[in-house]
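Enquirer: dropping the sequence and predicted coords here.
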Amino acid sequence: MAVRIKSCTEAIDYLLKEISGAIRLGAPLGLGKPNVFLNQLFDRLRVQPERQLELYTALSLDVPKPDGFLAERFLGIFLERHFGADYPWLKYVRERHHLPANFRVYEFFTLAGSALSDSHAQRNHISLNYTHAASGLLDRGLNAIVQIVARDSSGRLSLSCNPDVTLDLDRMARERKQRVFKIAFVHPELPFLEGQAVVKEEFFDAVVEEPESYRLFALPRRPVDETSHAIGLYASSLVADGGTLQIGIGELGDALAWSLCLRQSENSHYGEILAKLGVESESPFNAGLFGLSEMVTDSLLRLREAGILKREITTPDGHRLFLQGGFGLGSKWFYERLRKLSENERHGIAMCPISEINDLYDPDETELRRERSRARFFNTAMEVNLLGGAMSDTLDNGLVVSGVGGQYNFVAMAHELSDAKSVLMLRSTRTKKGRRFSNITFHGGHLTISRHLRDTVVTEYGVAELRARSDEECIRAMIEIADAEFQPALIKAAQRVGKLSSSYNLPERARNNTTQALKSRLAGVSLPSFPFGSDFTPEEERLALALERLQKNGPSGLVRFLARGLVNRGFESELKRMGLGRARGPTELFWKCMLRGALD
């Protein structure tokens, strides 16, 4: 039986007693970390330099530090309200630039962009496919795991949001006869999820009952702009009724989910919008979709509520599943929805080890192939080159933005299934300090997905089908969904090396790939900035959109905002929320005018 422990202090004592040398500690990706314990362990070992600690984890959740006058005023109030004043932010993240000499953090996936200026994180990043994380960590000598768990009224334990790597680690450690101590921390707010996530208490060496009682980390919903909506609309036309769906988190995932809901509930209106984009409409879902996603998100539950995620498979023990997942992360609504599932719906979601979600290597592979019919695996990329190679986690200079995660596995699995598609979604351009760059390039840097796995790419200008196409066919398809500003240079680059015929002419339909033309096509279409609601007040929703406009504009755009704000009036409630109702001094007056211009 597991040892019952009352506090984090006792848990640390237990761990230090059981492991005499270096502690090589695993903590789950994302939500499953016991923050209070990790912070107390950090403090304990800070003053015990003779004890070495190696922490192995991924996706250490934090919020970006407000940068700038307006961001500080907007986020300061919101973050305290959203997370609570006493949220135990991870010290190894907040103090990453001056970690103790005896403390190292190794991650195989980081919060996108959070570690770009962190030398420790960049040097200690471990590049692993999600499905290979367990074996890789055991190879490095992992000897302990800590994780928050849920307990139901009958006393059962559930790994809930994170059976993903923990179950694979446990299985592989037993096969290798490698001792790994496991400590569970019961969290009262964690949803109790079924499937293989349910474990006996003796699965753990120790169970700590009380300390992890802070609010769960809830991702604030970000606004979805017109570009993201266009990508979501194009992508929604690729989803086959009676199929299988993998969908990620963020604006593009929300945009895709909203388009699928529109396709189901207002199909004629959906068809009218697709016609504006030059795409044939798709019918509502009759058989529905089965969810197979490494990450269980808000979007998947919204699709369930919309009557889309309704295709079911039957497990050997008789449960009918509509969704299988490896880990979960989402908004406050997401956690509340999971906690309030009916018993039937709760058994319809099976949480599994990531090795069973992200590939087909299973004794019952034939059955997995049958279940995963007409699969559509949607992922995002930062850049895609003309030959279909995708850069999704690392910059040209080698700096890691996030990590491979499960993207490679889903792309490869789409090629292994006879009727599946891997779909990479990306915006055609990005703007930095007022300058625009193309996300469709002639050649890529550190590729996450190699060209031989090219399949389907979607931008706000359309869909490029690349699988089994020649290099020249791929180049043409990619140029035709690129932004018009960059098409001439891409054509010249490909022609220069003989990959594109010198007689190639850009088709008329692809010559107007501009932001303004896209706005014209979608004129009169109501595209919600927050398709599934938000955690902001109405004033904060408008402010969030205005701050995003300010962030994306260069000097000339900012001058226009300032000029507009000097002559226009209004938006008093928004300005009051930012403490600018009565501007004091030139700095506040400047930002008041700038913000009013962006709100207008």
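Expert: Done, it's in. Residues are numbered from 1 along each chain as shown.
Enquirer: which residues touch the one helix or strand A544 maps to?
Expert: Of the helices and strands defined by DSSP states H and E, A544 is found in helix 538-552. Contacts made with helix 538-552 from outside it, assessed by CB atoms under 8 Å, 6 or more residues apart in numbering, are listed as 70-71, 74, 78, 222-223, 225, 431, 529-530, 534, 536, 558, 561, 571, 573-574, 577-578, 594-595, 598-599. The way it works is simple: take the backbone N, C-alpha and C, and place the C-beta from them, glycine included.
Enquirer: go with 7 Å
Expert: 70-71, 74, 78, 223, 431, 529-530, 534, 536, 558, 561, 573-574, 577-578, 594-595, 598-599 (CB atoms under 7 Å, 6 or more residues apart in numbering).
Enquirer: same question for stretch 67-78.
Expert: Applying CB under 7 Å, 6+ apart, the contact partners of stretch 67-78 are 66, 540, 543, 547, 578-579, 591, 595.
Enquirer: could you do stretch 423-432 as well?
Expert: The list of residues contacting stretch 423-432 from outside it, by CB under 7 Å, 6+ apart, reads 227, 231, 235, 238, 252, 376-382, 384, 390, 436-440, 456-461, 481-483, 552.
Enquirer: how about stretch 360-376?
Expert: Counting by CB under 7 Å, 6+ apart, 238-240, 242-245, 290, 292, 313, 356, 413-414, 416-417, 419-421, 423 sit against stretch 360-376.
Enquirer: how long is it end to end?
Expert: The first and last residues of stretch 360-376 sit 15 Å apart, counting by CA to CA, to the nearest Å.
Enquirer: just the buried residues of that stretch, please?
Expert: Within stretch 360-376, the residues that count as buried by 16 or more other CB atoms under 10 Å are 360, 368-369, 371-376.
Enquirer: quick one, domains of this protein?
Expert: The domain map for the chain lists 3-208, 226-486, 538-599, with the assignment taken from automatic domain parsing.
Enquirer: now the weakest link among the ones you listed, please, by mean pLDDT.
Expert: Note on the domains of the chain: domain 538-599 shows the lowest mean pLDDT, a mean of 85.
Enquirer: which residues does T166 contact?
Expert: Applying CB under 7 Å, 6+ apart, we find T166 in contact with 28, 145, 147, 159.
Enquirer: of the contacts of stretch 67-78, which pair is most distant in space?
Expert: Among the contacts of stretch 67-78, the pair separated by the greatest distance (CB to CB) is E540 and W591, at 16.7 Å.
Enquirer: re the thing from before, kindly export the helix holding A544 (C-alpha atoms) in CSV.
Expert: Output of helix 538-552 as CSV, limited to C-alpha atoms (Å, rounded to 0.1, in the frame of the first residue of the first chain):
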residue,chain,number,x,y,z
PRO,A,538,-16.9,43.3,-22.0
GLU,A,539,-14.5,46.3,-21.5
GLU,A,540,-11.6,44.0,-21.3
GLU,A,541,-12.5,42.1,-24.5
ARG,A,542,-12.5,45.4,-26.4
LEU,A,543,-9.2,46.4,-24.7
ALA,A,544,-7.6,43.0,-25.6
LEU,A,545,-8.4,43.6,-29.2
ALA,A,546,-7.1,47.2,-29.1
LEU,A,547,-3.8,46.1,-27.4
GLU,A,548,-3.4,43.4,-30.1
ARG,A,549,-3.8,46.1,-32.8
LEU,A,550,-1.2,48.3,-31.1
GLN,A,551,1.2,45.3,-30.9
LYS,A,552,0.9,44.4,-34.5
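Enquirer: and S422, that one's in a strand?
Expert: Yes. Checked against DSSP: H, G, I helix; E, B strand; the rest coil, S422 lies within a strand.
Enquirer: show me where the stretch 301-450 of the chain has strands.
Expert: Listed in chain order, the strands of the stretch 301-450 of the chain (DSSP state E, counting those that start in this stretch) span 313-314, 320-321, 323-328, 349-351, 375-380, 383-385, 390-391, 421-425, 429-432, 435-438, 440-441.
Enquirer: who does the fifth one pair with, and is each partner parallel or antiparallel?
Expert: Spelled out, that is strand 375-380. Within its sheet, and counting by DSSP bridges, strand 375-380 is paired with strand 244-246 (parallel), strand 421-425 (parallel).
Enquirer: save the ones you listed as TSV, and put in distance to K17 and mean neighbour count too.
Expert: Supplementary listing: the strands paired with strand 375-380 in TSV, determined by distance: least, CB to CB, whole Å; neighbours: other CB atoms under 10 Å:
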stretch	distance to K17	mean neighbour count
strand 244-246	43	26
strand 421-425	48	25
